[in-house]
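A.B. asks: structure here, sequence nowhere to be found:
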Ligand code: PGA
């Protein structure tokens, strides 16, 4: 079973819709210049909500080999939830992916595994693919409990989701101490946890589900380290913050397979 690599750029709270438009145009050209073969790796951009419509129009209009998604979703369907954006709204923008449980949401918005689980289920209910994030803080890593910690997160985040849906979703392992810090986990660190997460999916579900689920590493991924990280057997992609804001850098990350 071969898993198609997925390289996703999480823009976080950067780029207004005009800046996002330029970035996607530049990214489209950079991918053409690099002869990107979309059958080898999937490129995804994840703008703030205000940029999604522009990205959609541009990508669909120019038929760019780029998918798009959202950084969050409401756990509710509709109604009096000021500030929230529903699955139906995201589906109407043809989003393919929705990030749930990013460590910044967990930390600054008190999202528990229960909330992350409810959001992951909403993404699936509306026909999109969740990118379910997990990862340990520095103290947990120092205590050597990172595998236990991330496996417990994913076990709770996937509760009640059936095997067929788990096989199609994406898990992102992002050690918090490596996010936006320039501090990258080594490729072996990434493999250790991604391998353990795949094993956990096998234990929770079955072998074919574990073989099918795609697991990304995230945390200071750049053109200079992506090839080594992607060389690990259980790493199927990257969730990229800072380096996804530069078209050339992100295009190099997406085309890692050429190296
Ligand atoms: P970074 O962010 O690449 O800037 O470290 C990764 C992420 O938070 O998804």
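C.D. replies: On my side now, so go ahead. Here the structure is a predicted model, which means the values were calculated and not measured.
A.B. asks: got the buried residues for the lowest-mean-pLDDT helix or strand in the chain?
C.D. replies: Evaluated with mean pLDDT, DSSP states H and E, the helix-and-strand set of the chain has its lowest mean pLDDT in helix 138-142, which scores a mean of 94. Of all the residues in helix 138-142, those buried under the rule 16 or more other Cβ atoms under 10 Å are 140-141. In this view, the C-beta of every residue, glycine as well, is placed from N, C-alpha and C.
A.B. asks: quick one, what contacts residue 218?
C.D. replies: Residues counted as contacts of residue 218 (Cβ atoms under 8 Å, 6 or more residues apart in numbering) are 10, 133, 135, 172-174, 178-179, 238-241.
A.B. asks: hmm, who's touching the next helix-or-strand element following the least confident helix or strand of the chain?
C.D. replies: Counting by DSSP states H and E, the next helix or strand C-terminal to helix 138-142 is helix 146-157. Contact with helix 146-157 is made by 100-101, 113-114, 116-117, 120, 132, 134-136, 140, 171, 173, 175, 192-193, 196-197, 200-201, 204, as judged by Cβ under 8 Å, 6+ apart.
A.B. asks: repeat that for stretch 79-95.
C.D. replies: Under the criterion Cβ under 8 Å, 6+ apart, residues 49, 52-53, 56, 60, 68-70, 72-74, 76-78, 98, 122-123, 125-128 lie in contact with stretch 79-95.
A.B. asks: now the strands for this structure?
C.D. replies: Residue ranges of the strands in the chain, as given by DSSP state E, are 6-10, 42-46, 67-70, 97-100, 129-134, 170-173, 214-218, 237-240.
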